[in-house]
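Participant: Provided below are the primary sequence and the corresponding predicted coordinates.
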Amino acid sequence: AQTVTQSQPEMSVQEAETVTLSCTYDTSESDYYLFWYKQPPSRQMILVIRQEAYKQQNATENRFSVNFQKAAKSFSLKISDSQLGDAAMYFCAYKSANSGYALNFGKGTSLLVTP
Amino acid sequence: GAVVSQHPSWVICKSGTSVKIECRSLDFQATTMFWYRQFPKQSLMLMATSNEGSKATYEQGVEKDKFLINHASLTLSTLTVTSAHPEDSSFYICSASVQGYEQYFGPGTRLTVT
């Protein structure tokens, strides 16, 4: 079974600064997807960014970007120009490329944004 | 687009009773739906995977007779917690998927068993 590890239970960043959340995973598969989800206090899961393993180019979505290192099995999330609304739990998730497979989540990182 | 709803958003029930949670994909047809459970300050744990018209596949350690899942149509899946006990109190989240790629999450249901 694939495991997803988020080694930072909590992180803090000042408004307008940049923060990087780390994620590593373990898999023997060559084709898979990686995701970062945000869960604010409302507890609604929100997709932040996704990366297909076969793509070498790192995904970006506005202020959010990833550093995908396939050989190292590392998938970190960089949030630039942090905003108060970015405060939330962030979950890294892995999904096999096989259809119908569920997401495998890491334990999450709680991000605090200070004014 | 790609909206998933859950009903109810919060339910309180007495120990020993059963409660049903609905998960609906509002603007798309979901071939697969997933049910997760989340305890406070913890991650999401997959309970089961259901495909329309077939029996759900439960994760190891999840009692299928206690957590009944029905996926009768491409837009509706239900989770019934039978003979609920206080330890079943948790936050239940469903997600819906089209052809297994991206999952769209419902807003979750908080279950409190007294």
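Facilitator: Yep, that arrived.

Participant: identify the bridge partners of the nearest residue to B:Cys23 once chain neighbours are set aside.
Facilitator: In space, and not counting its chain neighbours, B:Cys23 is closest to B:Cys94: 3.5 Å by CB to CB, 6 or more residues apart in numbering or on different chains. (Each C-beta comes from the backbone N, C-alpha and C, glycine too.) Note on B:Cys94: beta-bridge partners by DSSP bridges are B:Trp35.

Participant: could I get the contacting residues of B:Cys94?
Facilitator: By CB atoms under 8 Å, 6 or more residues apart in numbering or on different chains, the residues touching B:Cys94 are B:4, B:6, B:21, B:23, B:33-36, B:77, B:79, B:105-106.

Participant: one more: B:Glu22?
Facilitator: For B:Glu22, the contact set (CB under 8 Å, 6+ apart) comprises B:6-7, B:76-78.

Participant: what do you get for A:Ser76?
Facilitator: Applying CB under 8 Å, 6+ apart, the residues contacting A:Ser76 are A:20-23, A:66-67.

Participant: could you turn the buried ones of those residues into a ChimeraX selection?
Facilitator: Burial among the contacts of A:Ser76 is assessed by 16 or more other CB atoms under 10 Å in any protein chain shown; the matching ChimeraX selection reads:
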select /A:21,22,23,66,67
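
Participant: need the contacts of A:Ser76 in a markdown table (columns: pLDDT, secondary structure and distance to chain B).
Facilitator: Output for the contacts of A:Ser76, formatted as a markdown table (pLDDT from 0 to 100; DSSP: H, G, I helix; E, B strand; the rest coil; distance: CB to the nearest CB, whole Å):
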| residue | pLDDT | secondary structure | distance to chain B |
| --- | --- | --- | --- |
| A:Thr20 | 98 | strand | 20 |
| A:Leu21 | 98 | strand | 14 |
| A:Ser22 | 98 | coil | 15 |
| A:Cys23 | 98 | coil | 12 |
| A:Val66 | 98 | strand | 16 |
| A:Asn67 | 98 | strand | 21 |
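
Participant: buried residues in stretch B:10-17, which are they?
Facilitator: Here stretch B:10-17 shows B:11, B:13 as buried, counting by 16+ other CB under 10 Å.

Participant: can it be said to contact chain A?
Facilitator: No: judged by CB under 8 Å from any CB of the partner chain, stretch B:10-17 and chain A are separated, with a smallest distance of 11.1 Å.

Participant: measure that stretch end to end?
Facilitator: Its first and final residues considered, stretch B:10-17 spans 16 Å by CA to CA, to the nearest Å.
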